[in-house]
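Colleague: Pasting the sequence and the predicted model now:
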Amino acid sequence: MGELKAGDVYRRYSFEELFAKDAPLLEVLEHALVNNYDLQQGALRIQTAHAQMQSSLFDFIPGAKLSVAKNISMASGASLYSGQTIRQKSESYQSSLGVDSYEVDIWGKKLNEVASLKHDRQSYESAAAALRLTLMADLANNWYETLYMIKIWHLLNDKIALLDNIADGLQALDQTERLDAVIMSKFIRGRASDENSRQNLQKEIVNRIHKLEYLSGYRSPWLNTSRWQQLSGEFNVPEIPQRITSEVIFNRPDVMASEMKIKSANGAIGIARAAFLPVFNLFANAYHTSNTFNNVLDNLRENWTLTPSLILPVFNWPKNYANLDYAKSQQAMAVVEYRKTVAQALLDIQEATNNLNSYQRLLAAARNEVAKHQQNFAKISHRYAAGYADLYSYYEAIDMLNAAVLELESHRQQTMANTVVLLKAVGG
């Protein structure tokens, strides 16, 4: 891939698009977006913020209260004619429909509250997007690191097989005292070191597969602990076919989340300022009394009251000033955090681009070196087979070629890792 430079052409690429040819990885990513616990928590935060915003929206609707009551009264008295006690029972029904208190949003207090909660929800959505991006980057890195380790494991297997083939020859030379003891010790030590590396790789590969399963909540049928030895570990490093522009910074989820926090803080300032202004409340009530239940809701429009009130927050001004200062300080902190996030985004892109360019050059150099070692190994192998090269020279050629191939694979893995880092840095 050519060097990534600043340009005026922008297009956003996703993990799904960049790794479209790696279907098993995409399958793991898709399951991770559903099963990951952190993402599930993020989705619940978004739902909570949305519910809070809906609750504030319903505050614009007056809360009407309907009540129906039945009154039963018993009166007793003495008859003027007979002197006997007379009891009289009466029943009546009362209905009432009204609003106890409705604050009219003259100064935009409720509107600022709704706007603030809306931006809080958008901030959570951007935070969840950043979390998804981080998760996919971690999964992709672990996926290709595991494949890299599998490839190294196979290379060590091939090298150990070659060493085992020449071990008997070295032993025979050593018994006839035609082999330097230092050379034999070096061979034994190198063989043991390769075996230890192979065993450690096998353990680390299984651990990485378990980590992939934990992060995604899914056991891949292609890469799992029961069949990883059947895989070659080969992978191709994809290219990011775009030039980096300033737009990618402002489309990063973390930058968007910081921007929403500023807007939410602006809404909090609006709420704090509205607290200094008079509060206009409305009280309304319509009522009716009936002797029968059938007519209890009739004629409510004939008996009603409307009581507007104006409240001046005189004695709350010190507290309101403190609340306004607090809201302004939160907004100032949000602005600083936004600038810090933008600066970090720019640094991430610069570092990822520089690192990727460096490893691309190292990878190209390693390919040339491996090609030369392969040519040299082919010559020594022919000479050894024809009897013109000694066994130790053949062993040294094997060792040097293997070291060069391992270095090549290391650079390939680092190039892939930095490609993933760059994709995450530009917002995935």
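Modeller: That came through fine. Numbers count the residues shown, from 1 in each chain.
Colleague: Run through the bridge partners of residue 102.
Modeller: Taking DSSP bridges, one obtains residue 282 as the residues bridged to residue 102.
Colleague: To clarify, my last question referred to residue 310.
Modeller: Residue 310 forms beta bridges with residue 280, as assigned by DSSP bridges.
Colleague: Distance-wise, check it relative to residue 365.
Modeller: 80 Å (C-beta to C-beta, to the nearest Å). From N, CA and C alone the C-beta is placed, and that goes for glycine too.
Colleague: Neighbour count: those two, which is higher?
Modeller: residue 365 (13 against 8; other C-beta atoms under 10 Å).
Colleague: quick check, that one in a strand?
Modeller: No - assessed with DSSP: H, G, I helix; E, B strand; the rest coil, residue 365 is helix; it does not lie in a strand.
Colleague: Let me know the pLDDT of it.
Modeller: On the pLDDT scale, residue 365 is placed at 94.
Colleague: Give the residue spans of this protein that score low on pLDDT.
Modeller: Residues of the chain meeting the criterion pLDDT under 70: 1-13, 78-83, 168-186, 241-246, 294-297, 300, 428.
Colleague: For it, which segments are assigned as helices?
Modeller: 15-18, 23-35, 37-58, 109-175, 181-216, 247-250, 253-274, 317-386, 391-425 (DSSP state H).
Colleague: what's the burial count for residue 193?
Modeller: Residue 193 has 10 neighbours, counted by other C-beta under 10 Å.
Colleague: same deal with residue 325?
Modeller: 11.
Colleague: Also the one 4 residues further on?
Modeller: Residues contacting residue 329 under the criterion other C-beta under 10 Å number 11.
Colleague: same question, the one 3 residues further on
Modeller: If you count neighbours by other C-beta under 10 Å, residue 332 ends up with 12.
Colleague: any idea how far it lies from residue 268?
Modeller: Residue 332 is 12 Å from residue 268, by C-beta to C-beta.
Colleague: Need the helices of the chain in a markdown table (columns: distance to residue 304).
Modeller: Below are these laid out as a markdown table (distance: least, C-beta to C-beta, whole Å):
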| stretch | distance to residue 304 |
| --- | --- |
| helix 15-18 | 62 |
| helix 23-35 | 56 |
| helix 37-58 | 24 |
| helix 109-175 | 26 |
| helix 181-216 | 64 |
| helix 247-250 | 55 |
| helix 253-274 | 30 |
| helix 317-386 | 35 |
| helix 391-425 | 64 |
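Colleague: can you tell me which of these comes nearest to residue 235?
Modeller: Closest to residue 235 of the helices of the chain, according to C-beta to C-beta: helix 109-175, at 5.2 Å.
Colleague: what angle do that closest one and helix 391-425 make?
Modeller: Interaxial angle of helix 109-175 relative to helix 391-425 (axes from the mean of the first three to the mean of the last three C-alpha atoms, to 10 degrees): 180 degrees.
Colleague: Show me what helix 109-175 is packed against.
Modeller: helix 15-18, helix 23-35, helix 37-58, helix 181-216, helix 253-274, helix 391-425 (3 or more C-beta pairs under 8 Å, 6 or more residues apart in numbering; DSSP states H and E).
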